[in-house]
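S.K.: need coordinates for the following:
(one chain, ligands or ions: 2)
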Amino acid sequence: MTASVSIQSVTQSYGAAIALNDVSLDIAAGEFVVLLGPSGCGKTTLLNLIGGFAEPVAGRILIGGRDMAGVGPAQRPTTTVFQDYALFPHMTLAQNVGFGLRMRGMGRDQRRAKAEEILDLVGLPAKSDRRPHELSGGQRQRVALARALAVAPDVLLLDEPLGALDLKLRRAMQDELKAIQRRVGTTFVHVTHDQEEAMAIADRIVVMNAGKIADLGPPREVYLHPKSLFSAAFMGEINQIPVQNGQSPFGPVIGTTGTLLIRPEAIGLSGTLPLGPCRIIDAAFFGTHLRAHVAPLAAPDLCLTVHLPPTSTVTDGEVLTLAATDFVFLEA
Ligand code: ADP
Ligand code: MG
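M.R.: Numbers count the residues shown, from 1 in each chain. Ligands and ions are numbered 1, 2, ... in the order given. Reported below is the predicted structural model:
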């Protein structure tokens, strides 16, 4: 029902191009891990190696402690849900979901019972005799998930499974996906380029960049305490302030030479790190906050993005004395 995954110094290349460069990652049994990164960073390549659709040029992959070298996709305790999760159009939902069980020689009645149980689990009860074209996009996505879960894999691999859904449906499906994962206890490895999706579902986010792991940790940790400039910026807007020999534009700070990172919502009228008087360049109302650009008088060339309370009213050109409540220093 669930298994650990150990990726050990895995490298993959296509001709001269290196798609994964010496990647190591340990995933615990029952963990919901999200591989997050921009297009081309190697997410699908890593997922395909776990699923057995390709063999790495170097390194090992263990599932449940077992070396998967030479073990094909059908023999691995994994199933994959692809973005274009083609369902069989001529089959009912129960037949779609039972397909893998049929391949494994399970009898008709047992298959039907199992399919109904899993359709129930993904929130599609009493729909087992429908056909895919009678469903909405979100419902079809659930059937694809049910089909993958029906064979009770130890590890479920999901490659941008919500990519085809509109934003509202995606958010709803993310919550469901998380709830389903909790219920079944299967290890989920989920690929996305959407950092909000990653935060919504992951126990642990693995940020990837150019074939390498740029950062990893629980969403809160990666967001608040990024270990690289890349992951800091990929997880959401962040202000980057240069520090030379322990000196920032706002006075001495901890650290030597590097970058001070401050999230927009960590800047306000009070805080432990004074930013001094700042001139408002512009501001826009976002509902949950007022998003402003400001130029510190101490460093007028610097443009900081600041989230002020939504009830704030500011005028362009006004000067506010600002400070940061939280920041991270990354040494160069
Ligand atoms: P992601 O899923 O993060 O978008 P991929 O794993 O698909 O990234 O691709 C990683 C890198 O490998 C990219 O530079 C991509 O162009 C390259 N690549 C992927 N698949 C192939 C292939 N079959 N042949 C050649 N290059 C490939
Ligand atoms: Mg991909």
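S.K.: so which residues make contact with stretch 219-238?
M.R.: Stretch 219-238 is contacted by residues 36-38, 195, 198-199, 202, 205, 207, 209, 214-217, 240, 259, 261-264, 305, 326, 328, 330 when judged by C-beta atoms under 8 Å, 6 or more residues apart in numbering. Placement of C-beta: from N, CA and C, glycine included.
S.K.: tell me how far the ends of that stretch are from each other?
M.R.: This stretch, stretch 219-238, spans 16 Å end to end (C-alpha to C-alpha, to the nearest Å).
S.K.: please identify the buried residues of that stretch?
M.R.: Neighbour-count burial for stretch 219-238 flags 219, 222-223, 226-232, 234-235, 238 (criterion: 16 or more other C-beta atoms under 10 Å).
S.K.: so for stretch 203-217, mean pLDDT?
M.R.: In this model, stretch 203-217 has a mean pLDDT of 98.
S.K.: stretch 150-169 too?
M.R.: Computed over stretch 150-169, the mean pLDDT rounds to 91.
S.K.: and that stretch, how far out from the chain's middle?
M.R.: On the basis of C-alpha atoms, centre = their mean, to the nearest Å, stretch 150-169 sits 12 Å off its chain's mean C-alpha point.
S.K.: again with stretch 275-285
M.R.: Worked out by C-alpha atoms, centre = their mean, stretch 275-285 lies 32 Å from the chain centre.
S.K.: again, but for stretch 214-229
M.R.: For stretch 214-229, the distance to the chain centre is 12 Å (C-alpha atoms, centre = their mean).
S.K.: measure that stretch end to end?
M.R.: 9 Å.
S.K.: over to stretch 21-36?
M.R.: Stretch 21-36 has an end-to-end distance of 16 Å (C-alpha to C-alpha).
S.K.: state the number of residues packed around Arg108.
M.R.: 10 (other C-beta atoms under 10 Å).
S.K.: show the pLDDT at it.
M.R.: Arg108 is given a pLDDT of 93.
S.K.: quick check: it vs Lys114, distance?
M.R.: 11 Å (C-beta to C-beta, to the nearest Å).
S.K.: check the contacts of stretch 219-238 against ligand 1, which are close?
M.R.: Taking C-beta under 6 Å from any ligand atom as the test, ligand 1 is in contact with Gly37 out of the contacts of stretch 219-238.
S.K.: which of the contacts of stretch 219-238 fall in helices?
M.R.: Gln195, Ala198, Met199 (DSSP state H).
S.K.: not counting its own residues, what contacts the helix or strand of the chain with the lowest mean pLDDT?
M.R.: The helix or strand of the chain with the poorest confidence is strand 251-252; it has a mean of 84 (mean pLDDT, DSSP states H and E). By C-beta under 8 Å, 6+ apart, the surrounding residues in contact with strand 251-252 are Gly246, Pro274.
S.K.: narrow the buried residues of stretch 219-238 to those in helices?
M.R.: Using DSSP H, the buried residues of stretch 219-238 in helices are Pro219, Val222, Tyr223, Leu229, Phe230, Ser231, Ala232, Phe234.
S.K.: what would these look like in TSV with distance to ligand 1?
M.R.: What follows is these, written out as TSV (distance: C-beta to the nearest ligand atom, whole Å):
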residue	distance to ligand 1
Pro219	19
Val222	17
Tyr223	20
Leu229	19
Phe230	14
Ser231	15
Ala232	19
Phe234	12
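S.K.: as TSV, these with distance to Ala74 would be great.
M.R.: Converted to TSV, those look like this (distance: C-beta to C-beta, whole Å):
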residue	distance to Ala74
Pro219	34
Val222	35
Tyr223	38
Leu229	42
Phe230	36
Ser231	35
Ala232	41
Phe234	35
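S.K.: out of those, which two sit at the greatest distance?
M.R.: With C-beta to C-beta as the measure, no two of these lie farther apart than Pro219 and Leu229, at 18.4 Å.
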